[in-house]
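A.B. asks: Let me see the structure of the following:
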Amino acid sequence: MMSESASASSTNSTAKLGSVLLVDDEKSLIELYAEALAPYFETTLATSTREAGYILHKKSFKVVVCDHLMPGGNGLSFLVDTREEYPDMQRVLVTGYMKPEMLLRSVNEAALYRYLLKPVSLPELVKTVTEAAKIHDQAKAAGS
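C.D. replies: The predicted model follows:
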């Protein structure tokens, strides 16, 4: 078995760690997220939960990173809905502000892997998504 550092240095840029769906109505923001994740993941962008729903029916993702409040759809509700249909897909909520009790409830209801507070640090985003993708792989391997 290769060590992580050896596998990282020997893989070429086409060998990605998986697919990530980024959902936010602020296109410039998800483009920034996509750019940070691009060296490691194949990213797909959606600017609404509705668009994200269509994309999920066509392609599978290891991780979805979704903004909380967007016009035309609540990101948290979207993540709660995806939990049923795509149980292995890891869910990360990005939020500007949320009361601690709301956050706790949402982590449980949507079975969130993690939440990130805005402004999101890009290294933290990459680390979180990478860890979530590993959890996804472990869940798949365990056959859950």
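A.B. asks: Show me what the helix or strand where Thr44 lies is packed against.
C.D. replies: Using DSSP states H and E, Thr44 sits in strand 42-46. The contact analysis (3 or more CB pairs under 8 Å, 6 or more residues apart in numbering; DSSP states H and E) places strand 42-46 against strand 19-23, helix 27-37, helix 49-58. In this view, the C-beta of every residue, glycine as well, is placed from N, C-alpha and C.
A.B. asks: ranking these by burial, who's on top?
C.D. replies: Greatest average neighbour count among the helices and strands packed on strand 42-46 goes to strand 19-23 (a mean of 25), per mean count of other CB atoms under 10 Å.
A.B. asks: what's the angle between that one and strand 42-46?
C.D. replies: 20 degrees (axes from the mean of the first three to the mean of the last three CA atoms, to 10 degrees).
A.B. asks: Let's see strand 19-23 as PDB, backbone CA atoms only.
C.D. replies: The C-alpha coordinates for strand 19-23 follow below in PDB (Å, rounded to 0.1, in the frame of the first residue of the first chain):
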ATOM      1  CA  SER A  19     -16.700  14.500  -7.400                       C
ATOM      2  CA  VAL A  20     -18.000  17.400  -5.400                       C
ATOM      3  CA  LEU A  21     -21.200  19.400  -5.900                       C
ATOM      4  CA  LEU A  22     -21.000  23.100  -4.900                       C
ATOM      5  CA  VAL A  23     -24.300  24.900  -4.400                       C
END
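A.B. asks: Do you have the helices of the chain handy? List them.
C.D. replies: Per DSSP state H, the chain carries helices over the ranges 4-10, 27-37, 49-58, 75-85, 100-109, 122-142.
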